[in-house]
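Q: Have a look at this prediction, sequence included:
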Amino acid sequence: MIQSLFTAAPVTEQSAQDVLESAGDVAVEATQEVNQFVKFFQENIPGLVAFGIKVLLALVFFFIGRAVIRGIRKFVKHSMQRANADTGVMQFVDSLLKFGLYALLIFSIATKFGVESSSVAAIIASAGVAVGLALQGSLSNFAGGVLILLLKPFVVGDYIIVNKEEIEGTVKEIQIFYTKMTTVDNKTVIIPNGTLSNQSLTNVTARPERQLDLKIGIAYEADLKKAKRILEEMLLTDPAIIQDEDKRVFVDSLGESSVVLGVRAWVKTEEYWAVRWRLLEEIKLTFDKEGVKIPYPQMSVHMCRE
């Protein structure tokens, strides 16, 4: 047992020596890595500081430029308002001015902080070609917006009907690429300007007056002259009907189950729907009171007994 202890002692001493040597190697490697790290920072700190200063100055320059752009847009908007420019034209010019000024700001920042203007111009030209090929539809929308502003088939505030798309509403904004409309149920519809410039549309509010066109069916056995007289009196006494314009009550057609009377009169455009709904209700109530029957389609069923 004593002999085994004496033989184990050298082994333990050798192991401790190996551990010390390994720890020394690790310490040397760590020192070398720290020295390399310190050397890297000493060599690159000036460049990093300079880069950070450039980024900070670019951000400051951007925020100052953004404030200047807002001021220019407000000045142009007020100038156009004093000149009584169309609302659609003001919105279009504002969108175009915003896009152009921000592009100029980014170009100025890039050239101001070390990027060559020729390189930026080449990049912009290449990007312009690529974007132009990829966004042919957007370019047609831009051209459509210009045509809308020049030809003025409608302006902001008009109520239009896009016939093919079966969309109708009030024009709220005419932007560079799109036109925003609000429907009767207060939904916002965004339509590309290219679609509006290439399709037929109906401008309901182009004139201050709009013709009211109603179709009223009465039974064949009803008194036709009495029904016409009632309708004519209603048109003459209604304050919303423009009395200076033409008013007509006539037989429009002979239907399968009714004689269809036509009623035409002129009202103010902004009052069209209110007058239409109110007149239809009053006609129904008056016909019921006067005994003029309004029929509805009926079907006769013949049953055969075997």
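A: Now that the structure is in, tell me what you want to look at.
Q: I'd like to check what contacts the helix or strand hosting residue 227. Which residues are they?
A: Per DSSP states H and E, residue 227 falls inside helix 224-237. Helix 224-237 is contacted from outside by 216, 218, 241, 243, 247, 249, 251, 259, 261, 263, 265, 279, 282-283, 286-287, 290, 292, using C-beta atoms under 8 Å, 6 or more residues apart in numbering. All C-beta spots, glycine's among them, are computed from the backbone N, C-alpha and C.
Q: Now that helix: buried residues?
A: 227, 228, 230, 231, 234, 235 (16 or more other C-beta atoms under 10 Å).
Q: returning to what we had before: just the buried ones from the contacts of helix 224-237?
A: If we count by 16+ other C-beta under 10 Å, the contacts of helix 224-237 have these buried: 216, 218, 241, 247, 249, 259, 261, 263, 265, 279, 283, 287, 292.
Q: Looking at those residues, which is nearest residue 193?
A: Checking the buried ones among the contacts of helix 224-237 against residue 193 with C-beta to C-beta, the nearest one is residue 265 at 36.0 Å.
Q: Tell me the bridge partners for that closest one.
A: Beta bridges link residue 265 to residue 212 when assigned by DSSP bridges.
Q: And it, how close does it get to residue 252?
A: Plainly put, residue 265 is 14 Å away from residue 252 if you go by C-beta to C-beta, to the nearest Å.
Q: residue boundaries of the strands in this protein?
A: All strands of the chain, identified by DSSP state E, fall at 159-162, 167-174, 178-182, 188-192, 201-203, 209-218, 248-254, 259-268.
Q: Throw the ones you listed into a markdown table and include mean pLDDT and distance to residue 80, thanks.
A: Compiled in a markdown table, the strands of the chain are given as follows (pLDDT from 0 to 100; distance: least, C-beta to C-beta, whole Å):
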| stretch | mean pLDDT | distance to residue 80 |
| --- | --- | --- |
| strand 159-162 | 88 | 23 |
| strand 167-174 | 88 | 14 |
| strand 178-182 | 90 | 19 |
| strand 188-192 | 89 | 24 |
| strand 201-203 | 86 | 23 |
| strand 209-218 | 91 | 30 |
| strand 248-254 | 93 | 44 |
| strand 259-268 | 93 | 29 |
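Q: among the ones you listed, which is nearest residue 140?
A: The nearest among those, by C-beta to C-beta, is strand 188-192 at 8.1 Å.
Q: Remind me what that closest one packs against, helices and strands.
A: For strand 188-192, the packing partners by 3 or more C-beta pairs under 8 Å, 6 or more residues apart in numbering; DSSP states H and E come out as helix 136-151, strand 167-174, strand 178-182.
Q: Go through these and pick out the most buried.
A: strand 178-182 (a mean of 21; mean count of other C-beta atoms under 10 Å).
Q: Touching it from outside, list them.
A: 141, 145, 148, 160, 167-173, 188-193, 196.
Q: coming back round to it: adding distance to residue 93, write the helices and strands packed on strand 188-192 out as JSON lines.
A: Compiled in JSON lines, these are given as follows (distance: least, C-beta to C-beta, whole Å):
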{"stretch": "helix 136-151", "distance to residue 93": "9"}
{"stretch": "strand 167-174", "distance to residue 93": "10"}
{"stretch": "strand 178-182", "distance to residue 93": "15"}
